[in-house]
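> Need the 3D shape of this:
(one chain, ligands or ions: 1)
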Amino acid sequence: MAAAQTNAVPATFDSEDNRPLVDTFGRVHRDLRISVTDRCNIRCFYCMPAGAVQFKPRSELLTFEEIERFVGVAASLGIEKLRLTGGEPLVRHELPALVGRLRRIAGIADIALTTNGILLADQAQALRDAGLNRLNISLDTLRPETFQKISRRDGLDQILEGIAVALRTGFDKIKLNAVAIKNLTEPDIVPLAQFARRHGLELRFIEYMPLDADGKWSDDQVLSGRQILRLLEAEFGPLVPLPVVDPSQPATDYRYTDHLATVGFINPVTQPFCADCNRLRLTAEGQVRNCLFSTVEWDARAVLRGGGSDDELRRLLRSCVAAKKAGHGINGDEFVKPQRAMFQIGG
Ligand code: SAM
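Down below sits the predicted model:
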């Protein structure tokens, strides 16, 4: 009898409270990136290996039900923005069905998707109908030979068709993401800006990060945001920095003086923005990460598949957030490159 009393924990103490996910540096986590697959239909050298790729067996990937449950728990702790990514999220079968499930979760205010756009023309309307708000489409070049050099596949025409269809579909916002590589994509900077201006798309240039599967990244391949800014100003005249509306957004945005369009720079290598990072990541096989460059993961799948309670998931999320470091430390002497490449984490 005495033992039973000792072990009995009143429900109020057993239940995790719903305080937001605040780390030891005061950053409140509102944003969750969900990788739905590690598979991809192209092989960009800055992300995936050149040779044979070992993808996770499908049985290891979280099911839609598991993702939905995890997001429900995360939403109870203040997560309100979701981004679906991969690998290439559009190769995951029935993705609009997942969007629909996530859309119905209380507290989720915004769902975005990052895609290479190759399969977008066929799926844009279904995604929009299911409740997808925003799209980021990756496009580093408009030159077919450079596209082939980067992605080691064809697909540029399908991407352009995907963009055209997406523009007609009526998303809240469509952004173009261009990874910039020194001695390769300098000739693409101005044409991409012209393309984005012509189509009313928000273009963002991303610095190349050490997350390639082949481990060949070197800092002399990084075409910095500052260098790109100079190339754009030489063509279009001065760019004017825009006030920061949301400190957690990774891009520094500018407006042109001769056009309504804006252009952004995501400079994780030369100007890390970790101080305002409010993002968590869930990998396709259910590991929670507090940073792209983290070398530690929290195994949500084990809880989900092991009969764990929602409170266990909440504790796991809190412990992941509590361990978040001040910054990724790419430029520090003690930087350790994560074992996983970008396609295995979810960009
Ligand atoms: N397949 C989708 C796509 O292409 O958008 C989603 C996943 S992809 C990993 C997400 C984004 O990460 C893309 O914009 C891609 O260009 C970017 N990316 C991949 N590897 C990168 C790296 N090493 N440095 C910077 N950006 C990278």
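> make it CA atoms for all contacts and neighbour counts henceforth
Noted.
> Just the residues contacting stretch 181-199, thanks.
With contacts defined as C-alpha atoms under 8 Å, 6 or more residues apart in numbering, stretch 181-199 is touched by 140-143, 146, 176, 180, 202-203, 207-208, 220-223, 228, 231-232, 235, 259, 261, 263.
> What are the phi and psi values at the closest residue to G170 other than its chain neighbours?
With C-alpha to C-alpha, 6 or more residues apart in numbering as the criterion, G170 has its nearest non-adjacent residue at 7.8 Å, and that residue is R128. With angles defined as degrees, to the nearest 10, R128 shows backbone torsions of phi -60, psi -50.
> Give me the pLDDT for R128.
At R128, the predicted lDDT confidence score is 98.
> Show the secondary-structure elements that the longest strand that the chain contains is packed against.
Longest strand in the chain by number of residues (criterion: DSSP state E): strand 173-180. Contacting strand 173-180 under the criterion 3 or more C-alpha pairs under 8 Å, 6 or more residues apart in numbering; DSSP states H and E are the following elements: strand 134-138, strand 202-207.
> Just the residues contacting it, thanks.
Under C-alpha under 8 Å, 6+ apart, the answer for strand 173-180 is 133-141, 166-167, 186, 196, 201-208, 222-224.
> Next: stretch 325-332.
Here stretch 325-332 has contacts from 25, 269, 272, 274-275, 291-294, 335, using C-alpha under 8 Å, 6+ apart.
> again, only this time at 6 Å
274, 293, 335 (C-alpha atoms under 6 Å, 6 or more residues apart in numbering).
> CSV for those residues, including secondary structure, neighbour count and pLDDT?
Converted to CSV, those look like this (DSSP: H, G, I helix; E, B strand; the rest coil; neighbours: other C-alpha atoms under 10 Å; pLDDT from 0 to 100):
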residue, secondary structure, neighbour count, pLDDT
C274, helix, 18, 97
F293, coil, 23, 96
F335, coil, 11, 91
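> which among these are in contact with the ligand?
When the contacts of stretch 325-332 are checked against the ligand using C-alpha under 6 Å from any ligand atom, none falls in range.
> Residue numbers of the stretch 1-150 of the chain in contact with the ligand?
46-47, 85-88, 114-116, 137-138.
> three-state assignment of A275?
Look at A275: counting by DSSP: H, G, I helix; E, B strand; the rest coil, its state is helix.
> Now for it: which residues touch it?
By C-alpha under 6 Å, 6+ apart, the contact list for A275 is empty.
> quick one: it and the ligand, what's the gap?
The gap separating A275 from the ligand is 19 Å, by C-alpha to the nearest ligand atom, to the nearest Å.
> Check P268 too.
8 Å.
> Excluding covalently adjacent residues, which one is nearest to that residue?
Spatially, and ignoring its direct neighbours in sequence, P268 is nearest to E207 (6.5 Å; C-alpha to C-alpha, 6+ apart).
> Could you check the pLDDT of the one you found?
Looking at E207, its pLDDT is 98.
> all helices of this protein, in order?
Taking DSSP state H to define them, one finds helices in the chain at 2-7, 11-14, 64-76, 95-103, 120-130, 144-151, 156-169, 186-199, 225-236, 300-305, 310-322, 342-345.
> right, so those: which one is the most enclosed?
Most buried of the helices of the chain by mean neighbour count (mean count of other C-alpha atoms under 10 Å) is helix 342-345; its value is a mean of 25.
> Can I get it as CSV, trimmed to CA atoms?
Output of helix 342-345 as CSV, limited to C-alpha atoms (Å, rounded to 0.1, in the frame of the first residue of the first chain):
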residue,chain,number,x,y,z
MET,A,342,21.8,18.1,-46.1
PHE,A,343,19.5,15.6,-47.9
GLN,A,344,19.5,13.4,-44.8
ILE,A,345,18.6,16.3,-42.4
